[in-house]
Each structure stands twice: as C-alpha cells, then as structure tokens.
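Trainee: Quick one, fold the following:
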Amino acid sequence: MQSLFDNNPTYIALALLTPLFLYCLYRSLPSNHPQPTAIKKGKWRLASVLVAGGITAAIMSPHEKPSSEDSNSTIAATNPAPPNHQVTPATESRPQKTTWAGSLNEHSPTAFSSRELGQSQEYYRDQSPPYPSPATFQTIEYYQQALERDIEQHGENNPLITHRLYDLAVAYQQNNENKAALKQLLRAEKLAEATSDKKMPLLAKIYSEAGQAQKALSNFKQAIRQYQKALEINKKLYGEPSVEVATSHTNIGGTWYAARNYKKAITSYGKALATDTQLYDPNHINIAADLNNLGLAWDSTKNHKRAIEYYLQVLAIYRLIYGDKDTEIAVVNNHLASSYYSQGDYRKAKNHYQQAFSILDANLGSGHPYTQTAHENMAASAKKLAN
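Mentor: Numbering: from 1, shown residues only. Predicted coordinates:
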C-alpha cells in the first residue's frame with residue numbers, strides 16, 4: 001500500500017504548482033472593477049478549500065497499484081471475449097407440423113421400433129377464435145387467482161366465470177393434469193349451458209377440451225360424447241366444409257383409434273379427409289395428416305396394402321414440403337418399411353428402413369436411440385432376405 005506521492009512525479013508536480021495557481025487566480029481579478037470584499041473572500045476560500053481538500057485526499061488515501069489480475073479484468077470488461085461459437089441456426093419458415101402417431105418427438109424408442117408407433121392423436125388446427133398457443137399461457141396460480149377475484153366481484157353465475165374456468169382448465173391440460181382440467185371443464189360446461197347461447201363458440205371449445213381430457217384418462221365413450229357435441233355446434237356455427245368440422249371429425253377418429261375401434265376410426269378420418277379436400281390443395285399438410293391417420297388405422301386392421309397406399313401419398317407430399325432429409329420423412333419411411341415387412345416384402349422393407357436410418361443418422365447421430373432402432377430394423381430385414 002502506498003500514497004500517491006510515492007514514486008509519482010505527476011502528483012508531486014501538482015502539489016508544487018498549486019500555490020502558484022491560486023496566486024495567479026487571485027491576481028486575475030480585474031482591478032478597475034473591484035468586486036465586493038465578500039465575493040473576493042468567498043472565491044478565495046472556495047478555491048482554497050477545493051484544492052486543499054483534493055491534495056489532502058490524495059495524500060491521505062491509500063492507493064493500491066493495480067495487480068496484473070486487476071488489469072486483465074479491466075481489459076476484459078472493456079473488450080469482452082467473444083462468445084463460444086455455438087450458433088443456433090435460424091428456424092426455417094415452413095408449414096407447421098401436425099402432431100400424429102409416429103412423430104419422433106412424441107414416442108419412445110421402443111414405440112418407434114414397434115408396429116404400433118403410438119396411437120393416433122387428435123390435432124387442433126386454426127380455429128375461430130383460435131386456440132391459444134402454449135407460449136401465451138399464464139401459470140395455473142394466475143388463472144386460479146383470476147377466477148377467485150372474478151367470482152368475488154361478479155358472482156359464480158356470470159358468463160365471465162365460464163371463460164375463467166376454461167382458461168384454468170387449459171392451463172391444467174398444458175401441465176398434463178387432466179383430472180383437474182376435466183373438473184374445471186365440467187364446471188364451465190354446466191355454467192355455459194345454463195347462462196349462454198348453446199351455439200356459442202366457447203361452448204364448442206369446452207366440449208372439445210373436455211373430450212381431450214376424457215380421452216387422456218381413457219374414458220373413450222365420454223370423450224366421443226363430448227367431441228360429438230362439439231361437432232354439432234361447429235356444424236351450426238361454421239357450416240360444411242369448415243376447418244372446425246374437419247377438426248372435430250379428426251378428434252373423434254383419434255378417440256376411436258385409441259379405443260382400438262379401427263373401423264370407426266377409419267370412418268371419421270375419412271370424413272375429415274373429405275372435408276379437407278374441399279378446403280385445401282392436394283399437397284397441404286392437413287391432407288397429409290388425414291392420409292397418415294388413415295394409413296395407421298388401416299395398418300391396425302392388418303390391411304397393409306391399403307395402409308401402404310396412404311403412406312406413399314404422405315411421403316410424396318412431405319417430400320414437396322420438407323425435402324428428402326427431414327426426420328418426418330424418416331417416420332413415414334418407417335411406417336412403409338413396417339408395412340412391407342408385415343407383408344413379407346423384406347426387400348422393400350430394408351430399402352425404407354435404410355432411408356429412415358440415413359436420415360436419422362444425419363440428423364440425430366449414430367448414438368441416438370431412434371437411429372439405433374432403425375439400424376436394427378434394417379438388419380432384421382437383411383437377415384430375412386438372407387434366409
């Protein structure tokens with residue numbers, strides 16, 4: 001620890017020159033326009049105090065010579081090191097992928113290697129008013145507090161409470177708390193039926209969400225009943241064809257599929273496809289979703305030939321949308337390979353397993369469970385061919 005005067009010529013010079021500076025300052029006051037004595041003395045005293053105080057502080061205050069570490073820290077703060085070059089690629093703008101059975105991010109590796117690549121799931125397309133996206137959801141506590149506040153202010157029979165109950169139920173569903181969600185939805189349903197128009201869009205959404213919750217709880221009959229009520233309202237509100245009606249048919253088909261009633265699933269999926277073909281061009285992603293669902297349902301009835309027909313159409317649409325190297329292409333190739341394998345056509349099965357493996361290896365790496373499963377499936381087909 002050292003003072004500023006230790007081996008510091010700058011501060012020594014400052015101390016020596018300060019008296020001279022003060023004298024010159026005093027003499028610079030104009031003599032032909034004498035100022036009041038109070039002002040003269042005030043300026044003198046102020047200058048003396050400021051300079052003397054500064055010198056005293058410099059002498060008395062300890063001054064650490066910066067260490068090499070401190071210097072390096074200062075340099076680093078001024079010129080921060082560049083971040084690691086782990087650049088996240090920009091998200092490519094393309095049609096939103098509709099969720100259905102077989103999606104790689106929805107199923108376990110064992111499911112991917114199985115013929116049953118998960119069960120067909122309902123999907124929600126844009127509706128009017130739209131379903132809120134997960135990014136807009138508040139916390140469950142937020143909606144609980146909002147519900148309690150509005151009940152206190154407006155009473156339990158106010159239509160606003162229906163909206164609050166619906167919002168709270170959707171928040172529970174996003175947290176996979178289906179029992180809690182269903183409880184709120186049934187409250188909202190009862191209130192809406194008693195206080196609102198039976199054809200209101202919110203009531204159709206409540207029925208649909210209740211159907212989803214019942215399906216998640218494996219209450220398939222109740223889920224079908226809820227989806228049917230939503231379908232009837234959507235027909236009255238939006239007519240046919242409409243996105244809302246197609247979505248209701250898909251939801252019903254997905255529930256029949258989950259209940260392993262594949263023939264009724266095929267009927268509902270067929271209605272969804274018939275509706276969508278009136279709404280979209282033949283290469284639209286929703287058309288591909290309908291075709292994929294039909295392929296899965298036909299596959300589950302052991303009619304692999306019909307399933308392959310639908311899968312090939314899905315593959316053609318997906319190649320137009322995503323190109324040849326997307327993981328969704330790998331999923332469809334896996335469907336095709338499994339169907340060909342079930343038919344005993346091991347050469348085609350191996351070919352499609354090979355395509356699936358190549359895509360997964362490039363996108364996920366050789367150590368990923370899906371990639372390893374595709375490789376095992378390919379090897380199993382090759383073994384069948386060898387025999």
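
Trainee: What is the neighbour count of Ala169?
Mentor: 27 (other C-beta atoms under 10 Å). The way it works is simple: take the backbone N, C-alpha and C, and place the C-beta from them, glycine included.

Trainee: Show the contacting residues for it.
Mentor: Ala180, Ala181, Leu182, Lys183, Gln184, Leu185, Ala188, Glu209, Ala213 (C-beta atoms under 8 Å, 6 or more residues apart in numbering).

Trainee: Spatially nearest residue to it (excluding sequence neighbours)?
Mentor: Of all residues not flanking Ala169 in the chain, Gln184 sits nearest, at 3.8 Å (C-beta to C-beta, 6 or more residues apart in numbering).

Trainee: Hmm, the one you found is touching Tyr172, no?
Mentor: Yes - using C-beta atoms under 8 Å, Gln184 is in contact with Tyr172, at 6.6 Å.

Trainee: quick one: the residue nearest to Ala169 from Leu202, how far?
Mentor: 14 Å (C-beta to C-beta, to the nearest Å).

Trainee: ok, and the residue nearest to Ala169, which helix or strand is that part of?
Mentor: Element membership for Gln184, per DSSP states H and E: helix 178-195.

Trainee: try Ala265
Mentor: Counting by DSSP H and E, Ala265 is part of helix 262-276.

Trainee: sorry, back to before: common neighbours of Gln184 and Leu202, please.
Mentor: With C-beta under 8 Å, 6+ apart as the test, Gln184 and Leu202 both reach Tyr166.

Trainee: and those two? which has more neighbours close in?
Mentor: Ranked by neighbour count (other C-beta under 10 Å), Gln184 and Leu202 place Gln184 first, with 27 against 17.

Trainee: Show the pLDDT at that one.
Mentor: The model reports Gln184 with a pLDDT of 96.

Trainee: low-scoring stretches of the stretch 51-200 of the chain, by residue?
Mentor: For the stretch 51-200 of the chain, the stretches flagged by pLDDT under 70 are 51-137, 197-199.

Trainee: swap the cut-off to 90 and go again
Mentor: Scanning the stretch 51-200 of the chain for pLDDT under 90 picks out the ranges 51-139, 157-159, 193-200.

Trainee: what's the helix holding Gln184 packed up against?
Mentor: Contact partners of helix 178-195 among helices and strands, from 3 or more C-beta pairs under 8 Å, 6 or more residues apart in numbering; DSSP states H and E: helix 159-174, helix 201-216.

Trainee: burial of the nearest residue to Pro241 once chain neighbours are set aside, as a residue count?
Mentor: Excluding its sequence neighbours, the residue lying closest to Pro241 (C-beta to C-beta, 6+ apart) is Gln278, at 4.1 Å. Residues near Gln278, counting by other C-beta under 10 Å, number 10.

Trainee: Can you classify Gln278 as helix, strand or coil?
Mentor: coil (DSSP: H, G, I helix; E, B strand; the rest coil).

Trainee: And the one 5 residues further on, by the same measure?
Mentor: Three-state call for Asn283 (three-state DSSP): coil.

Trainee: Just the pLDDT at it, thanks.
Mentor: We have a pLDDT of 97 for Asn283.

Trainee: returning to that earlier point: enumerate the positions of the helix holding Gln184 that are buried.
Mentor: For helix 178-195, the neighbour count (16 or more other C-beta atoms under 10 Å) marks 178, 180-189, 191-192 as buried.

Trainee: can you check stretch 355-375 too?
Mentor: So, applying 16+ other C-beta under 10 Å, buried residues of stretch 355-375: 355-361, 363-364, 370-375.

Trainee: got it, and stretch 375-383?
Mentor: Buried residues in stretch 375-383, counting neighbours by 16+ other C-beta under 10 Å, are found at His375, Asn377, Met378, Ala380, Ser381, Ala382.

Trainee: so for that stretch, what's the average pLDDT?
Mentor: 94.

Trainee: List of residues touching that stretch?
Mentor: If you take C-beta under 8 Å, 6+ apart as the criterion, stretch 375-383 is touched by 113, 334, 337-338, 341, 346-347, 349-350, 353-354, 356-357.

Trainee: Give me the neighbour count for the closest residue to Arg347 other than its chain neighbours.
Mentor: If the residues on either side of it in the chain are set aside, Arg347 comes closest to Leu385, at 6.2 Å by C-beta to C-beta, 6+ apart. Residues near Leu385, counting by other C-beta under 10 Å, number 11.

Trainee: so Leu385 is in which element?
Mentor: Per DSSP H and E: Leu385 is located in helix 369-386.

Trainee: I'd like to know how far the spatially closest residue to Ser381 that is not a sequence neighbour sits from Gly155.
Mentor: Excluding its sequence neighbours, the residue lying closest to Ser381 (C-beta to C-beta, 6+ apart) is Lys350, at 3.7 Å. As for Lys350, its distance to Gly155 is 67 Å (criterion: C-beta to C-beta).

Trainee: Thr277 and Asn286 touch, don't they?
Mentor: No - using C-beta under 8 Å, Thr277 is not in contact with Asn286; the gap is 9.8 Å.

Trainee: So for the two, which residue has more residues nearby?
Mentor: Asn286 (23 against 16).

Trainee: where's that one relative to Ala379, distance?
Mentor: 36 Å.

Trainee: now Arg306
Mentor: From Arg306 to Ala379 the distance is 28 Å (C-beta to C-beta).

Trainee: re the thing from before, for the buried residues of stretch 375-383, which one is nearest Tyr227?
Mentor: Asn377 (34.8 Å; C-beta to C-beta).

Trainee: The residue nearest to Ala288 when sequence neighbours are not counted - how many residues pack around it?
Mentor: Of all residues not flanking Ala288 in the chain, Ile317 sits nearest, at 4.3 Å (C-beta to C-beta, 6+ apart). Applying other C-beta under 10 Å, we find 20 residues neighbouring Ile317.

Trainee: where does Ile317 land on pLDDT?
Mentor: The predicted local confidence for Ile317 is 98.

Trainee: if we can go back for a sec, residues making contact with the helix holding Ala265?
Mentor: Contacts of helix 262-276 (C-beta under 8 Å, 6+ apart): 120, 240-242, 245-247, 249-250, 252-254, 256-257, 284, 286-287, 290-291, 293-294, 297-298, 300-301.
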